[in-house]
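Student: Any chance you could fold what I've pasted below:
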Amino acid sequence: MTRESRPRVMTVIVCGAGPASAIGALVKLAHARDWKVQVVATPAALDFFDVAAIEALTGSPVRSQYRNPGEPHSEISDVIVVAPATYNTINKWAHGISDTYALGILAETTGMAVPTIVLPFVNSALASRQPFQRSVESLRAEGVRILLGPDGFQPHPPRTGADHIASYPWHLAMDEAERVLTGMQPGEHSASVRFGLAAQREQLQQRHQGCGIPDLR
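Tutor: This is a model prediction of the structure:
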């Protein structure tokens with residue numbers, strides 16, 4: 001498949017928050033805009049949605065663990081969307097913690113400048129905390145696009161999260177993804193990323209033959 005014919009690939013990282021139950025809405029929006037979608041879930045998110053239904057919708061497995069040797073790689077992403085993004089994930093990510101497969105992806109792809117869009121789901125009490133605000137500022141300084149504030153997700157009052165699931169603005173993440181890649185051919189921005197990943201994967205395979213190899217895509 002040539003670069004021109006390769007579909008744009010979006011990796012959606014789902015965290016354990018109420019809107020995760022409707023992650024299919026984001027997948028359908030992406031499909032309508034000609035994106036191929038692969039879903040990665042934090043362990044906490046797996047209880048929020050029907051994994052089999054999402055796998056049927058995307059045509060690819062929902063990943064929450066590092067792959068085993070011999071298992072197929074995920075496709076290299078043109079853009080990553082983290083939605084819904086929780087207080088916990090945003091703070092851990094900003095502090096370099098990589099204790100789940102999802103955080104491992106984010107830790108590495110942030111350093112590789114893969115376009116990443118974050119649509120949080122936090123209440124106003126958590127959003128007001130200085131650790132959270134520092135985490136948002138830190139990630140933004142590294143080029144992560146966090147849709148929080150007047151033109152993005154507006155934190156809701158504590159204990160009202162369930163009332164805001166239906167109005168969660170999935171479309172904002174999709175609009176930002178389109179803006180990020182406007183004018184680019186599918187895969188164009190990630191050519192250097194793809195080369196670097198291939199080299200890193202070869203090094204890891206040589207270093208860890210017979211062990212579980214992290215999927216760096």
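Student: where along the chain do the strands fall?
Tutor: Chain-ordered strands for the chain, with DSSP state E as the definition, fall at 8-14, 35-41, 79-85, 116-120, 145-146.
Student: any chance of those in JSON lines, with distance to Ile105 and mean pLDDT too?
Tutor: C-beta here means a position set from N, CA and C on the backbone, and glycine is covered the same way. Formatted as JSON lines, the strands of the chain follow (distance: least, CB to CB, whole Å; pLDDT from 0 to 100):
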{"stretch": "strand 8-14", "distance to Ile105": "7", "mean pLDDT": "97"}
{"stretch": "strand 35-41", "distance to Ile105": "6", "mean pLDDT": "98"}
{"stretch": "strand 79-85", "distance to Ile105": "7", "mean pLDDT": "98"}
{"stretch": "strand 116-120", "distance to Ile105": "10", "mean pLDDT": "98"}
{"stretch": "strand 145-146", "distance to Ile105": "16", "mean pLDDT": "98"}
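Student: got JSON lines for those, with distance to Asp175 too?
Tutor: Shown next, in JSON lines, are the strands of the chain (distance: least, CB to CB, whole Å):
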{"stretch": "strand 8-14", "distance to Asp175": "13"}
{"stretch": "strand 35-41", "distance to Asp175": "13"}
{"stretch": "strand 79-85", "distance to Asp175": "11"}
{"stretch": "strand 116-120", "distance to Asp175": "9"}
{"stretch": "strand 145-146", "distance to Asp175": "11"}
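Student: okay, those strands in a markdown table with mean neighbour count and distance to Arg134 next?
Tutor: Formatted as a markdown table, these follow (neighbours: other CB atoms under 10 Å; distance: least, CB to CB, whole Å):
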| stretch | mean neighbour count | distance to Arg134 |
| --- | --- | --- |
| strand 8-14 | 25 | 21 |
| strand 35-41 | 23 | 25 |
| strand 79-85 | 27 | 16 |
| strand 116-120 | 26 | 15 |
| strand 145-146 | 20 | 13 |
